[in-house]
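A.B. asks: turn this into a structure:
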Amino acid sequence: MREVSATYTLPDRLIPGFRSASITLAARELALWSKYGGVDPEVNASNSGLIAADQAVMPPLSRIVATLNLTF
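C.D. replies: Model (predicted):
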């Protein structure tokens, strides 16, 4: 699962002094479903026809980000 996000728009009664507000939660690299035996299955393809090999010692790290958007 490459990326998933959700945004919630806050109700006007919770944001006095602002025209609008929303909060977004996003997460990357949450899960992997593959039969590939290496660390990173995205290297298992090559445009040049050469065999690609894993260069990393660990898979990409999961990240979670929160964003607050305020409109004055």
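
A.B. asks: not counting stretch 65-72 itself, show me its contacts.
C.D. replies: The contact list for stretch 65-72, computed with CB atoms under 8 Å, 6 or more residues apart in numbering, reads 15, 17-27. In this view, the C-beta of every residue, glycine as well, is placed from N, C-alpha and C.

A.B. asks: repeat that for stretch 23-34.
C.D. replies: If you take CB under 8 Å, 6+ apart as the criterion, stretch 23-34 is touched by 1-8, 10, 41, 59-69.

A.B. asks: now render the contacts of stretch 65-72 as JSON lines, adding neighbour count, distance to residue 37 and secondary structure.
C.D. replies: As requested, those are arranged in JSON lines below (neighbours: other CB atoms under 10 Å; distance: CB to CB, whole Å; DSSP: H, G, I helix; E, B strand; the rest coil):
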{"residue": "15", "neighbour count": "15", "distance to residue 37": "50", "secondary structure": "coil"}
{"residue": "17", "neighbour count": "7", "distance to residue 37": "55", "secondary structure": "coil"}
{"residue": "18", "neighbour count": "13", "distance to residue 37": "51", "secondary structure": "coil"}
{"residue": "19", "neighbour count": "9", "distance to residue 37": "52", "secondary structure": "coil"}
{"residue": "20", "neighbour count": "12", "distance to residue 37": "48", "secondary structure": "strand"}
{"residue": "21", "neighbour count": "17", "distance to residue 37": "46", "secondary structure": "strand"}
{"residue": "22", "neighbour count": "14", "distance to residue 37": "42", "secondary structure": "strand"}
{"residue": "23", "neighbour count": "14", "distance to residue 37": "39", "secondary structure": "strand"}
{"residue": "24", "neighbour count": "13", "distance to residue 37": "35", "secondary structure": "strand"}
{"residue": "25", "neighbour count": "13", "distance to residue 37": "32", "secondary structure": "strand"}
{"residue": "26", "neighbour count": "14", "distance to residue 37": "29", "secondary structure": "strand"}
{"residue": "27", "neighbour count": "16", "distance to residue 37": "25", "secondary structure": "strand"}
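
A.B. asks: quickly check these for the two that are furthest apart.
C.D. replies: The most widely separated members of the contacts of stretch 65-72, counting by CB to CB, are 17 and 27 (30.3 Å).
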